[in-house]
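A.B. asks: Coordinates for the following, if possible.
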Amino acid sequence: MIVMNDVHKVYTMGQVKVAALRGVSLMVRKGDFVSIMGPSGSGKSTLMNIIGCLDVPSEGTYELDDVSISGLNDNQLAEIRNKKIGFVFQTFNLLAREEAIHNVELPTVYGDMPEKERREKAQQVLEAVGLGHRANHRPAEMSGGERQRVAIARALVNDPSILLADEPTGNLDSRTGEEIMSIFQRLHEDGITIVLVTHERDIAEYSQRVIHLRDGAVEREEML
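C.D. replies: All right, here's what the predicted structure looks like:
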């Protein structure tokens, strides 16, 4: 599903060059559940951005689902993000004025799915995360855990090949975090490939494998 070979990422800030990734190589197979851990500044966010096709390597190669990402233009990257990747963020990133069902169906608007089918699909994934009864509520009317469930449903609506989660429990209390991770665990059991960034050891332990980053490089990998 994911194959990275000797990936470097260098950002130029004025006359200063900052190496965010230094020769990262890793593989994630279809159906894997992998966590990425590391201290602040270790390269976790940069790695996640490249995996999610929000950025491209400065050097090295990256293949997602047998497609080489390195030479694609912005439109091609956007198409891959929409079709193959579901994103879940720490801050939920929901549209405040829109009801849950409209937030969930948003990624389908960029395809050619008819409106009725879009609405049915959005309702279906909301029910899959236990929020079918909250479809017509806005984010302000929901708890943090419910908002993250809406965000997970939105990530799933296009049937992505891979689910990327960046600190998905970071804004939640421990009990709600456990509820959210039980959803990820169930999705993994259903065969979805998941890559999750976290700084919490107990959250990483829901996965099968932990990749530890330090100073932009893979320090070690740990099987759980």
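A.B. asks: what helix or strand does residue 186 sit in?
C.D. replies: helix 174-189 (DSSP states H and E).
A.B. asks: just checking, what packs against that helix?
C.D. replies: strand 33-37, helix 144-156, strand 162-166, strand 193-197 (3 or more CB pairs under 8 Å, 6 or more residues apart in numbering; DSSP states H and E). C-beta here means a position set from N, CA and C on the backbone, and glycine is covered the same way.
A.B. asks: how about the ones you listed in CSV, adding mean pLDDT?
C.D. replies: Listed next are those as CSV, based on pLDDT from 0 to 100:
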stretch, mean pLDDT
strand 33-37, 97
helix 144-156, 94
strand 162-166, 94
strand 193-197, 96
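A.B. asks: Out of those, which gets nearest to residue 180?
C.D. replies: Closest to residue 180 of those is helix 144-156 (CB to CB; 5.4 Å).
A.B. asks: With only the CA atoms kept, save the closest one in CSV.
C.D. replies: What follows is helix 144-156, C-alpha atoms only, in CSV (Å, rounded to 0.1, in the frame of the first residue of the first chain):
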residue,chain,number,x,y,z
GLY,A,144,-15.9,16.4,21.1
GLY,A,145,-16.3,12.7,20.7
GLU,A,146,-19.3,13.1,18.5
ARG,A,147,-17.5,15.6,16.3
GLN,A,148,-14.6,13.2,15.9
ARG,A,149,-17.0,10.5,14.9
VAL,A,150,-18.4,12.9,12.2
ALA,A,151,-14.8,13.5,11.1
ILE,A,152,-14.2,9.7,10.8
ALA,A,153,-17.4,9.3,8.9
ARG,A,154,-16.3,12.0,6.5
ALA,A,155,-13.0,10.3,6.0
LEU,A,156,-14.8,7.0,5.1
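A.B. asks: Let me know the angle separating that helix from helix 174-189.
C.D. replies: Inter-element angle recorded for helix 144-156 and helix 174-189: 20 degrees (by axes from the mean of the first three to the mean of the last three CA atoms, to 10 degrees).
A.B. asks: quick one: buried residues of helix 144-156?
C.D. replies: Of all the residues in helix 144-156, those buried under the rule 16 or more other CB atoms under 10 Å are 144-156.
A.B. asks: Repeat that for stretch 118-132.
C.D. replies: Those buried within stretch 118-132 under the rule 16+ other CB under 10 Å are 118-119, 121-123, 125-126, 128-129, 131.
A.B. asks: Pick the one among the buried residues of helix 144-156 closest to residue 198.
C.D. replies: Here the nearest of the buried residues of helix 144-156 to residue 198, counting by CB to CB, is residue 148; it sits at 13.7 Å.
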